[in-house]
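>>> got a sequence here, can you model it:
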Amino acid sequence: MKNIPISAMIGLFFTALYFLVAIFAPLISPYGMAEIVGDVWEPASAEFLLGTDNIGRDLLSRMIYGGRTTIFIATAATVLSFTLGSVLGFFAAVAGGWVDQVLSRFVDLIMSIPTLIFALVVLSVTPVTVPMLIIVMGLLDSTRVYRLARAVAVDIEVMDYVEAARLRGEKTAWIIFREILPNALSPLVAEMGLRFIFMVLFVSTLSFLGLGVQPPEADWGGIVKENKDGIVYGIPAALAPAFAIATLAISVNLVADWVLNRTTSLKGGRG
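Residues are numbered from 1 along each chain as shown. I've put the predicted structure just below:
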């Protein structure tokens, strides 16, 4: 613990707090997610710590369940995007030739379409469910991961230890997972933190536009949409999820920066 900087400890604390609250949401939440327990937009009180929302549901309970949904979707989509994007990026760099050209040009084509517009078009013609959100977000974001993974792998692929592995007769899978991946972790870890936050913002944006998590399910973007009209009357219900997103983003980035510095100093390159 002595070697962990204060910024990383703060990031770890709040990141762990958010994830623990998401995991134990049914045990922590004072009320049900869709349970109407008071009047419309009641102010904060001992009974309702954050007040109530636009139809009288406890805002704290909605925030807890909304955080659970938002974090789960963002985490699953990030895992999908990094698994698919990094494997394909490494494979393209190692295979080279027409395989690299076909994959790279296809990724360029997908990236030429704005991600949000692409997602809105797809979700407008498919059932808007949590699994579909994860698949659409993960596949679209994997193109960014592919570009980074390929760029890193191209530099690593020409190193002597990779050439030695080829001369030993190692297969492509060995070269990717045993030679390239360990030496590409630092930039991928840093990017993973950024992509996770992008996923949080992405699903929140989709919900705000009506094509994300569907009511009565809660997520932070949906809570902003439900309570946005209250801002005109000085009711801060819509600001709570915005604050949660901001603090989660800062916390995850602090952790990602620490992990990046730690892996870089420990790895120190390989010859």
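>>> surely Thr69 is in contact with Ala218?
Yes: at 6.2 Å, Thr69 counts as touching Ala218 under the criterion of C-beta atoms under 8 Å. For the C-beta atoms, the positions are set from N, CA and C on the backbone; glycine is no exception.
>>> compare these two (neighbour count), which wins?
More crowded of Thr69 and Ala218, by other C-beta atoms under 10 Å: Ala218, with 27 against 24.
>>> ok, the spatially closest residue to Ile4 that is not a sequence neighbour to Val154 distance?
Leaving aside its sequence neighbours, Ile4 sits nearest to Trp258 (C-beta to C-beta, 6 or more residues apart in numbering; 7.1 Å). In this structure, Trp258 and Val154 are 27 Å apart, going by C-beta to C-beta, to the nearest Å.
>>> below-threshold pLDDT in this structure: ranges please.
For the chain, the stretches with pLDDT under 70 are 1-2, 263-271.
>>> now the helices for it?
Per DSSP state H, the chain carries helices over the ranges 6-23, 25-28, 59-95, 97-111, 115-124, 130-157, 160-167, 172-174, 185-208, 220-227, 239-267.
>>> list the helices and strands the third one packs on?
Pointing back at helix 59-95 there. With contacts defined as 3 or more C-beta pairs under 8 Å, 6 or more residues apart in numbering; DSSP states H and E, helix 59-95 has these neighbours: helix 6-23, helix 25-28, helix 97-111, helix 130-157, helix 172-174, helix 185-208, helix 220-227, helix 239-267.
>>> of those helices, which approaches Leu84 most closely?
Closest approach to Leu84 among the helices and strands packed on helix 59-95 (C-beta to C-beta): helix 130-157, 4.4 Å.
>>> list the buried ones in the closest one?
Within helix 130-157, the residues scored as buried using 16 or more other C-beta atoms under 10 Å are 130, 133-150, 152-154, 156-157.
>>> returning to that earlier point: and the helices of the chain as CSV, adding distance to Tyr233?
Converted to CSV, the helices of the chain look like this (distance: least, C-beta to C-beta, whole Å):
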stretch, distance to Tyr233
helix 6-23, 29
helix 25-28, 29
helix 59-95, 15
helix 97-111, 42
helix 115-124, 30
helix 130-157, 32
helix 160-167, 63
helix 172-174, 60
helix 185-208, 19
helix 220-227, 11
helix 239-267, 13
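>>> show me what contacts Phe202?
Going by C-beta atoms under 8 Å, 6 or more residues apart in numbering, Phe202 touches Ala74, Ala77, Thr115, Leu116, Ala119, Met137, Asp141.
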